[in-house]
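Trainee: how would this look folded up:
(2 chains)
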Amino acid sequence: MDILEKAVDRVLNGDRSAFQQIVDATSQRLVRLGARIMGNQADAEDVVQEAYVKAYRALTAGDFDRRSSTTTWLYRIVVNGAIDAKRSRKRRAEASDEQVDPGWDGAAFAEARLALSELDDWLRALPAEQRAALVLQSMEGLNNSEIAQVMGVSEGAVEQRLVRARTALRQKREQS
Amino acid sequence: MIDQEDIEQRLARLSGATDALRPSARFSARVMLAIEHEAAPSFFESTWFSARRLLPVAAIAAAMAVVWAVQVDGSVDDELATSYASAELE
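Mentor: Got it, this is the predicted structure:
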């Protein structure tokens, strides 16, 4: 059993402080995933924070049935939160990322942020579900079965979203 | 250069370029603060929890107050009845 599953066990047994270990073990991957779907880091951090609060509530209420791994479960909460946020929330001003204190190498941060901005411009026209499926496959390295688990849909639906996303991107390129 | 890229190449390039993304410096602390807030009982819950301990004392006090009120009321009635009786005799 890895450190993440052990931390989940401890939270399930009433040790709330173990949740910090869950955050430490997963926040980098989840914020990166959120940023690739949301298009900026500030929104991604909001979505991931909300996801952690939901996860904490579910764990302390005994609602996590462990049918999927903890990582898949957290991915699902973040992806659903990001899709909902993309649908309902107006995109923040570009200035929002200026407020993010990277806390790490500024040059690498600037480069990654530039790439994130390019990614956001490119994928902006895609519906949130298609964008999430594409990010999960091509950037997070998940296969269709894993994406189906994360998104709570059939593999056929995942395939359809991926085909539509690529078709839209191809059409966009031909038009430009 | 970007014009020459196909979709898969561009996705792979942007995936690599955004791999370095990580949470901001205070993110973990911010999350744990939200979790602590979530774990802390609400004002209503904490008030009810504190008040719950005083419930038996409050119930006894209320019962004693009722008994006292009935007794006082009874003695007032007796005094009034005595004074009416005295008035009738006079």
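Trainee: Please count neighbours and contacts with C-alpha atoms only from this point.
Mentor: OK.
Trainee: Spell out which parts of chain B neighbour chain A.
Mentor: Taking C-alpha under 8 Å from any C-alpha of the partner chain as the contact definition, chain B meets chain A at B:7-8, B:11-12, B:14-15, B:17-28, B:30-32, B:34-35, B:38.
Trainee: For chain A, which segments count as helices?
Mentor: A:3-12, A:19-38, A:41-60, A:70-88, A:106-123, A:128-138, A:144-151, A:155-175 (DSSP state H).
Trainee: Residue B:37: neighbour count?
Mentor: Residue B:37: 12 surrounding residues under other C-alpha atoms under 10 Å in any protein chain shown.
Trainee: next one: residue A:170
Mentor: 13.
Trainee: Distance to residue B:55 and mean pLDDT for the helices of chain A - can I get that in CSV?
Mentor: As requested, the helices of chain A are exported to CSV (distance: least, C-alpha to C-alpha, whole Å; pLDDT from 0 to 100):
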stretch, distance to residue B:55, mean pLDDT
helix A:3-12, 32, 91
helix A:19-38, 36, 96
helix A:41-60, 29, 95
helix A:70-88, 42, 95
helix A:106-123, 58, 91
helix A:128-138, 53, 97
helix A:144-151, 49, 96
helix A:155-175, 57, 94
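Trainee: gap between the nearest residue to residue B:20 once chain neighbours are set aside and residue A:23?
Mentor: Computed as C-alpha to C-alpha, 6 or more residues apart in numbering or on different chains, the closest residue to residue B:20 that is not its neighbour in sequence is residue A:112, at 6.2 Å. Look at residue A:112 and residue A:23: by C-alpha to C-alpha, to the nearest Å, they are 22 Å apart.
Trainee: How about residue A:57?
Mentor: 14 Å.
Trainee: From the neighbour counts alone, determine which of those two ranks first.
Mentor: residue A:23 (21 against 16).
Trainee: Isn't the more buried one up against residue B:30?
Mentor: No. Residue A:23 is beyond contact range of residue B:30, at 10.8 Å (criterion: C-alpha atoms under 8 Å).
Trainee: For residue A:85, list the residues it contacts.
Mentor: residue A:47 (C-alpha atoms under 8 Å, 6 or more residues apart in numbering or on different chains).
Trainee: Could I get the contacting residues of residue A:8?
Mentor: So residue A:8 contacts A:18-19, A:22, A:59, A:70 (C-alpha under 8 Å, 6+ apart).
Trainee: Which one of these is nearest to residue B:64?
Mentor: Ranked by distance to residue B:64 (C-alpha to C-alpha), those are led by residue A:59 at 46.6 Å.
Trainee: Alongside chain B, which residues does chain A contribute?
Mentor: Residues of chain A lying near chain B (C-alpha under 8 Å from any C-alpha): A:20, A:23-24, A:27-29, A:31-32, A:36, A:41, A:45, A:49, A:52-53, A:56-57, A:100-104, A:108-109, A:111-113, A:115-116, A:119, A:138-139, A:166, A:169-170.
Trainee: Name the residues that touch stretch A:57-64?
Mentor: A:8, A:11-12, A:14, B:38.
Trainee: neighbours around residue B:66, how many?
Mentor: As a burial measure, residue B:66 scores 12 neighbours (other C-alpha under 10 Å).
Trainee: Actually, residue A:5.
Mentor: Residue A:5: 15 neighbours (other C-alpha under 10 Å).
Trainee: Would you agree it is in contact with residue A:70?
Mentor: Yes. The criterion here is C-alpha under 8 Å, and residue A:5 meets it with residue A:70 at 6.9 Å.
Trainee: quick revisit: if any of the contacts of stretch A:57-64 are buried, put those into a PyMOL selection.
Mentor: For the buried members of the contacts of stretch A:57-64, the matching PyMOL selection, counting by 16 or more other C-alpha atoms under 10 Å in any protein chain shown, is:
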select buried, chain A and resi 8+11+12
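Trainee: and residue 66, backbone torsions?
Mentor: Using chain A. Dihedral pair for residue A:66: phi 60, psi 30, per degrees, to the nearest 10.
Trainee: Ok, residue B:26 next?
Mentor: Backbone phi and psi, for residue B:26 under degrees, to the nearest 10, turn out to be phi -100, psi 10.
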